[in-house]
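Asker: Structure, please.
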Amino acid sequence: MTTVFPAFRKKESPAENPLDLPQEIPSFRRPMARTSGKAKTRKAVAKRFKVTGSGKILRRKQGKRHILTKKSRKRKRSLGKAVLADETNLKAIRENLPFGKR
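Answerer: This next block holds a predicted model:
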């Protein structure tokens, strides 16, 4: 008597075994339709930057949160003014602010 391992058994065709017929895939396992995502504003970026009417992006200067006693009045005044964001960051900022002026 010879023992046949399951891996070496003769494969049955799907017509012979009705349990192997393909069944409908449940809805939670079906692949989703490939549509483009909805454009959403990153709120963290929106709070840090402002888009001007002409499309330029302004940012605030760092250094005016704490340890202000040793800073001069002139320095604190200049830290309060907004400046243009650097060119190297503009692409990333605009991607996160999809509804700002281009």
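
Asker: CA atoms for contacts and neighbours, from now on please.
Answerer: Noted.

Asker: what does stretch 93-102 contact?
Answerer: With contacts defined as C-alpha atoms under 8 Å, 6 or more residues apart in numbering, stretch 93-102 is touched by A39, K40, T41, R42, V45, A46, V51, T52, G53, S54, G55.

Asker: That stretch spans what distance, first to last residue?
Answerer: Start-to-end span of stretch 93-102 (C-alpha to C-alpha, to the nearest Å) is 11 Å.

Asker: can you list the contacts of stretch 93-102 in a markdown table and add secondary structure?
Answerer: Output for the contacts of stretch 93-102, formatted as a markdown table (DSSP: H, G, I helix; E, B strand; the rest coil):
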| residue | secondary structure |
| --- | --- |
| A39 | coil |
| K40 | coil |
| T41 | coil |
| R42 | coil |
| V45 | helix |
| A46 | helix |
| V51 | strand |
| T52 | coil |
| G53 | coil |
| S54 | coil |
| G55 | coil |
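
Asker: Who wins on neighbours among the residues you listed?
Answerer: Ranked by the number of neighbours (other C-alpha atoms under 10 Å), those place V51 first, at 18 neighbours.

Asker: Provide the backbone phi and psi angles at the closest residue to it other than its chain neighbours.
Answerer: Computed as C-alpha to C-alpha, 6 or more residues apart in numbering, the closest residue to V51 that is not its neighbour in sequence is I57, at 4.6 Å. Note on I57: its backbone torsions stand at phi -110, psi 130 [degrees, to the nearest 10].

Asker: Am I right that I57 is in contact with A46?
Answerer: No. I57 is not in contact with A46 according to C-alpha atoms under 8 Å; the separation is 10.7 Å.

Asker: residues near P98, how many?
Answerer: 13.

Asker: what about it, which SS state?
Answerer: Using three-state DSSP, the structure places P98 in coil.

Asker: Would you mind giving me the confidence score for it?
Answerer: Reading off the confidence values, P98 has pLDDT 92.

Asker: For this structure, which segments are assigned as helices?
Answerer: 43-48, 73-79, 87-96 (DSSP state H).

Asker: For the contacts of stretch 93-102, give me CSV that also has distance to A82 and pLDDT.
Answerer: Output for the contacts of stretch 93-102, formatted as CSV (distance: C-alpha to C-alpha, whole Å; pLDDT from 0 to 100):
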residue, distance to A82, pLDDT
A39, 27, 89
K40, 25, 92
T41, 21, 93
R42, 20, 94
V45, 15, 95
A46, 15, 95
V51, 12, 96
T52, 11, 94
G53, 15, 93
S54, 16, 94
G55, 15, 94
